[in-house]
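Trainee: Build me a model:
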Amino acid sequence: MQNNMLAMILAGGRGSRLHDLTKKVAKPAVYYGGKYRIVDFPLSNCANSGIDVVGVLTQYESVLLNSYVASGGRWGLDTRESGVYVLPPREKADEKLDVYRGTADAISQNIDFIDNYDPEYLLILSGDHIYKMDYSEMLAYHKAQNAEATIAVIGVPMKEASRFGIMNTDGNGQIVEFEEKPANPKSNLASMGIYIFNWKTLRRILVADMKNNESSHDFGKDVIPTLLGEGKKLVAYEFKGYWKDVGTIDSLWEANMDLLYKKDELNLADPTWKIYTEDVTTLPQYIGPEAKISKAYVNQGCRIEGEVKSSVLFTNCAVGKGAKVIDSVLMPGAIVEDGAVVTRALVAGGVRIGKGAVVGSADSENILLVAKRVKGVE
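Mentor: Just a heads-up that it's a prediction; the model follows:
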């Protein structure tokens, strides 16, 4: 195992704030950026960082996600020495719910899987963030600091710090305190949900945590405070690149819009750090003679005969004659019929917006999610 580090991706969250987008699909399987799924990012980061064994921990609405990640071939993680493994919660005879009780419990239930590879280090990742990161650089920092745990952090505006788990550090980057969503934050260093632990130390704490009925079985609430209480060395690894938590409709829309603006900090076209995804077989895009397109992502299989402005269109979308799509995101197979107008909206995959219908508003405070067919003008 390269770098003697194994990765575990926590991909079991409900994603309830994404409403209808996650009714039947796990949050990490939600589409983003024209053709990708959110889980493509941590998996591609692992592949690009030289990590060849990855466990993906799933639970809610996981059928599609499980089948999507199971092969590992999309990310080059399907050789004799590498693999992506789907790890759902174990069934428990004495409990009604077959779920992970918390982020730490998700790892605890899979101790046997991890022990099978006998890693020196364990990388734990959230499966629902958009970013590029070289985890091998983070591991090098972890080793150089002689730390028991390294937590990736990103500076957020101080006014938003109370939304995050905040790491308070000394002058040398060592973590002295962790606060979960503090009302009065002392720092703006927000946890990215990316951890590197020395496996033997973490294993010992997880075994004790499993037996503690008063524990929340959570990294932020239980494991990290325990390590700090024992006087172990925890350090913050400050990340400077693009990172987005896409937990709401507005933030998912914003993340797509960031591809058009913000100087495209993510740069999905970067050949040196590819984001791998499913290769969909479809026709090329068709741009009609009367079509108008400005500042837009238009993917393969799209048929554009109207106007598209400041928008992201996923695979196989259609915009009819005289129709307008402005400041919007159309997910795979969405259809905007002739004369319809879509503004500041996120249209779910396969949804049809009828002829002449008007959806969304340029003046709306929040982004409109369109998850059901909209009838046109009769």
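
Trainee: is it true that His19 touches Ile367?
Mentor: No: with contacts counted by CB atoms under 8 Å, His19 stays clear of Ile367, the gap being 11.3 Å. Placement of C-beta: from N, CA and C, glycine included.

Trainee: which neighbours do those two share?
Mentor: In terms of CB atoms under 8 Å, 6 or more residues apart in numbering, His19 and Ile367 are both contacted by the residues Ile249.

Trainee: okay, the two: which has more neighbours?
Mentor: Ile367 (21 against 13; other CB atoms under 10 Å).

Trainee: contact partners of the strand or helix carrying Leu122?
Mentor: Assigned by DSSP states H and E, Leu122 belongs to strand 121-126. By CB under 8 Å, 6+ apart, the residues outside strand 121-126 that reach it are 3-10, 42, 45-46, 51, 103, 107, 114, 135, 139, 142, 192-199, 202, 219.

Trainee: which residues does Glu238 contact?
Mentor: Contacts of Glu238 by CB under 8 Å, 6+ apart are 152-155, 173, 189.

Trainee: Could you point out the helix or strand that follows the strand holding Leu122?
Mentor: Per DSSP H and E, the first helix or strand lying C-terminal to strand 121-126 is strand 129-131.

Trainee: my guess is Ile154 is in a helix, correct?
Mentor: No: applying DSSP: H, G, I helix; E, B strand; the rest coil, one finds Ile154 to be strand, outside a helix.

Trainee: I'd guessed it sits against Tyr242; true?
Mentor: No: using CB under 8 Å, Ile154 is not in contact with Tyr242, being 9.7 Å away.

Trainee: between these two, which one's more packed in?
Mentor: A direct count of neighbours by other CB under 10 Å for Ile154 and Tyr242 places Ile154 higher, at 21 against 17.

Trainee: and the more buried one, how far is that from Asp118?
Mentor: Distance from Ile154 to Asp118, counting by CB to CB, to the nearest Å: 32 Å.

Trainee: May I have the distance across stretch 191-209, first residue to last?
Mentor: Start-to-end span of stretch 191-209 (CA to CA, to the nearest Å) is 21 Å.

Trainee: mind listing the strands for the stretch 101-250 of the chain?
Mentor: Remark: strands assigned in the stretch 101-250 of the chain by DSSP state E, counting those that start in this stretch are 121-126, 129-131, 149-155, 165-169, 175-180, 189-198, 234-238, 243-245.

Trainee: Could you export those strands as a markdown table, including distance to Leu268 and mean pLDDT?
Mentor: Compiled in a markdown table, the strands of the stretch 101-250 of the chain are given as follows (distance: least, CB to CB, whole Å; pLDDT from 0 to 100):
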| stretch | distance to Leu268 | mean pLDDT |
| --- | --- | --- |
| strand 121-126 | 19 | 96 |
| strand 129-131 | 10 | 95 |
| strand 149-155 | 20 | 96 |
| strand 165-169 | 28 | 93 |
| strand 175-180 | 32 | 92 |
| strand 189-198 | 20 | 96 |
| strand 234-238 | 24 | 97 |
| strand 243-245 | 13 | 91 |
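
Trainee: Tell me which of those strands sits nearest to Gly288.
Mentor: For Gly288, the closest of those is strand 129-131, at 31.8 Å, according to CB to CB.

Trainee: chain center to the closest one: distance?
Mentor: Here strand 129-131 is found 5 Å from its chain centre; the criterion is CA atoms, centre = their mean, to the nearest Å.

Trainee: quick one: terminal-to-terminal distance for stretch 70-90?
Mentor: Stretch 70-90 has its terminal residues 18 Å apart, counting by CA to CA.

Trainee: repeat for stretch 319-331
Mentor: The straight-line separation of the ends of stretch 319-331 (CA to CA) is 12 Å.

Trainee: what's the helix ranked longest in the chain in contact with?
Mentor: In the chain, with assignment by DSSP state H, the single longest helix is helix 199-210. Helix 199-210 is contacted by residues 104-105, 107-108, 111, 114-115, 119-122, 148-149, 215, 217, 222-223, 226-227, 232 when judged by CB under 8 Å, 6+ apart.

Trainee: taking the mean pLDDT, what do you get for the strand or helix carrying Tyr297?
Mentor: Assigned by DSSP H and E, Tyr297 belongs to strand 292-298. For strand 292-298, the mean pLDDT works out to 95.

Trainee: May I have stretch 216-232 as CSV, with CA atoms only?
Mentor: Taking Å, rounded to 0.1, in the frame of the first residue of the first chain, the C-alpha atoms of stretch 216-232 are listed here in CSV:
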residue,chain,number,x,y,z
SER,A,216,-22.0,10.4,20.4
HIS,A,217,-19.4,8.3,18.5
ASP,A,218,-18.4,11.4,16.5
PHE,A,219,-14.9,12.6,15.5
GLY,A,220,-15.6,16.2,16.4
LYS,A,221,-17.5,15.7,19.6
ASP,A,222,-15.7,12.7,21.0
VAL,A,223,-12.5,11.5,19.3
ILE,A,224,-10.7,14.8,18.8
PRO,A,225,-11.5,16.0,22.4
THR,A,226,-10.2,12.7,23.7
LEU,A,227,-6.9,13.1,21.9
LEU,A,228,-6.5,16.6,23.1
GLY,A,229,-7.4,15.5,26.7
GLU,A,230,-4.6,12.9,26.5
GLY,A,231,-2.2,15.6,25.4
LYS,A,232,-1.6,14.1,22.0
